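# based on what follows, work out the 3D shape:
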Amino acid sequence: MFCSEANSKDTVVCRKRCGHNDVDCILNETQTITFQTLALPTIPFLPQPLILTTMRAVATSGNVHFSTDYRILEGNERQFFDILKGQGVGSLRLTRSIHGPDELFLKILMIIHLNPNPRLRFTSTTQHLAYIHVIVSQHDF
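Below you'll find the predicted structure:
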C-alpha cells in the first residue's frame with residue numbers, strides 16, 4: 001500500500017507501507033515513487049548544462065555505508081537530459097537547447113546499495129522511481 005504526501009504544489013511522493021503478511025509488497029525493492037511536473041521556457045541557447053531537479057539518498061544512521069546509481073529509463077530518446085552523479089545525489093540536467101511547445105515524460109530510477117558493515121559482503125538494495133513531466137513553453141521568457 002502506498003501513502004501519498006504532497007511535498008510542494010508540483011511534487012507528490014508515494015512511500016511504500018507493507019502489511020505484516022504482504023510478501024509481494026515486502027519483496028518489492030521499490031520504496032518510493034515520485035511524480036513531478038517541471039515547466040520550462042524555450043531555451044534557444046544553453047552554454048552549460050542546467051540542473052532541473054535532484055534525487056537524494058538519505059541514510060537514517062550516520063554509520064551506514066551506501067552507494068547510489070541513477071538511470072533514465074524512459075523519455076530521453078532525443079538526448080536532452082543526463083544525470084550528474086554526486087555523493088548520494090543525482091541531478092537531472094538539461095544538456096542542450098530545447099524548443100517548445102513540447103512535453104516530455106521521463107522515468108528515472110535511483111538504486112541505493114546499502115552496506116551496514118563494510119567488513120561484510122552483505123548488501124541490500126532499494127529502488128526509488130521518479131516520473132517527471134516536463135512542459136516546454138513556446139516562449140523563451
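# going forward, measure contacts and count neighbours with C-alpha atoms only.
Fine.
# residue 104 and residue 98 touch, don't they?
No - contact criterion C-alpha atoms under 8 Å: residue 104 and residue 98 do not qualify, at 11.0 Å.
# show me which of these two is the more surrounded one.
Using other C-alpha atoms under 10 Å, the more surrounded residue of residue 104 and residue 98 is residue 98, with 20 against 16.
# the closest residue to the more buried one other than its chain neighbours: neighbour count?
Spatial nearest neighbour of residue 98, chain neighbours left out: residue 43 (5.2 Å); criterion: C-alpha to C-alpha, 6 or more residues apart in numbering. Residues within reach of residue 43, counting by other C-alpha under 10 Å, total 18.
# and what of residue 23?
10.
# ok, so what distance separates it from residue 50?
Between residue 23 and residue 50 the computed distance is 42 Å (C-alpha to C-alpha, to the nearest Å).
# now do residue 90
Taken as C-alpha to C-alpha, the span from residue 90 to residue 50 is 13 Å.
# among these two, which residue is more densely surrounded?
Comparing residue 90 with residue 50 by neighbour count (other C-alpha under 10 Å), the higher total belongs to residue 90, at 22 against 14.
# okay, and the more buried one sits in which element?
strand 89-94 (DSSP states H and E).
# average pLDDT across that strand?
Here strand 89-94 scores 95 as its mean pLDDT.
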